[in-house]
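Q: From the sequence below, what's the structure:
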Amino acid sequence: MILRLRACVTSPQHPLPFRATSKPGKVISYTARWTVCGREKARTFEKSAQAKNFLSDLRQAAKDGEAFDLDSGLPVSMLKAATARTWLEFARAYVKARWPHAAAKSREGLTDTMTVVTLVFVKEMPGRPKAALLRVLLRQHVFVPDARRPDISPDLGKALRWLESASIPITDLEEPRLARAALEALALQLDGQPAASSTFRRKRAVFKHALGYAVELGTWRRIPSTV
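A: Numbers count the residues shown, from 1 in each chain. So this is what the prediction gives:
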């Protein structure tokens, strides 16, 4: 069965209804279709929820008045995430896209989670800054809107250059061991003690949503099974 989801991003408040068709012997797929300045775009997903979430993101971007790229059909925020080469580039774009629609408490959880996993997804390189300095860099400079970002100090600027070089390629996250390492880090507090189960569940949900966002953008076909 093929479920086709249709929506015009120029009219997000009036999405067209879903249509379902089936063909014997065919693998189930879910296609999201939308138009940008009269150009029809389409993207196919393995799961219905992925297609629905993708269209929801498009509608929200259109509602916010965000500019869309004519070639890809994606809003600028999603395009930056889709074209990211490293985890850091993707994480910055993901946080920027989610920030305007998140409550204050959710923003805090978003920043904390992305800080933890970003420090896991780095290569071994000489000159690694202290963990405390990297956490300050991510929480106060990397994962905040431009308008809230203070001037960066020389030490933080040096740390940022190291992090940009050390961040792993986004495609490496298809390896289950990396996702497993991130979950292990999320399960601990800064002092190395186990985090509360409720805290871990919230952070795991944020991490899983970020990976799902990458799937929606076509970075991978599916979320790593370890998550």
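
Q: Please identify the longest helix in the protein, counting by residues.
A: If you go by DSSP state H, the chain has its longest helix at helix 197-216.

Q: so what secondary structure elements neighbour it?
A: helix 48-63, helix 87-98, helix 104-120, helix 176-186 (3 or more CB pairs under 8 Å, 6 or more residues apart in numbering; DSSP states H and E). All C-beta spots, glycine's among them, are computed from the backbone N, C-alpha and C.

Q: Need the winner for burial among those helices.
A: Compared across the helices and strands packed on helix 197-216, helix 87-98 shows the largest average neighbour count, a mean of 22 (mean count of other CB atoms under 10 Å).

Q: Next, the angle from it to helix 48-63.
A: 70 degrees (axes from the mean of the first three to the mean of the last three CA atoms, to 10 degrees).

Q: chain center to helix 87-98, what's the gap?
A: 6 Å (CA atoms, centre = their mean, to the nearest Å).

Q: can you check stretch 86-101 too?
A: The answer for stretch 86-101 is 6 Å, by CA atoms, centre = their mean.

Q: repeat for stretch 143-150
A: 18 Å.

Q: average pLDDT across that stretch?
A: Average pLDDT, stretch 143-150: 87.

Q: okay, how far is it across that stretch, tip to tip?
A: From its first residue to its last, stretch 143-150 covers 12 Å (CA to CA, to the nearest Å).

Q: Name the residues of it that are buried.
A: Buried residues in stretch 143-150, counted by 16 or more other CB atoms under 10 Å: 143-144.

Q: contact partners of that stretch?
A: Stretch 143-150 is contacted from outside by 91-92, 95-96, 99, 110-111, 114-115, 140-141, using CB atoms under 8 Å, 6 or more residues apart in numbering.

Q: same thing with stretch 185-205?
A: With CB under 8 Å, 6+ apart as the criterion, stretch 185-205 contacts 109, 112-113, 116-117, 119-120, 183, 207, 227.

Q: How far away from the center of its chain is stretch 206-223?
A: Using CA atoms, centre = their mean, the offset of stretch 206-223 from its chain centre is 7 Å.

Q: ok, back up a step: how about the helices and strands packed on helix 197-216 in CSV, adding mean pLDDT?
A: Converted to CSV, the helices and strands packed on helix 197-216 look like this (pLDDT from 0 to 100):
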stretch, mean pLDDT
helix 48-63, 83
helix 87-98, 93
helix 104-120, 95
helix 176-186, 94
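
Q: how about stretch 212-227 as CSV, C-alpha atoms only?
A: Output in CSV follows, covering the C-alpha atoms of stretch 212-227 (Å, rounded to 0.1, in the frame of the first residue of the first chain):
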residue,chain,number,x,y,z
GLY,A,212,14.4,11.1,13.2
TYR,A,213,14.8,14.6,11.8
ALA,A,214,17.9,13.4,10.0
VAL,A,215,15.9,10.5,8.5
GLU,A,216,13.2,12.9,7.3
LEU,A,217,15.9,14.9,5.5
GLY,A,218,17.3,11.9,3.8
THR,A,219,20.6,11.6,5.8
TRP,A,220,19.8,7.9,6.6
ARG,A,221,17.1,5.5,5.8
ARG,A,222,16.2,4.7,9.4
ILE,A,223,17.2,5.6,13.0
PRO,A,224,19.9,3.3,14.4
SER,A,225,18.3,0.3,16.1
THR,A,226,20.2,0.9,19.3
VAL,A,227,18.2,4.1,20.0
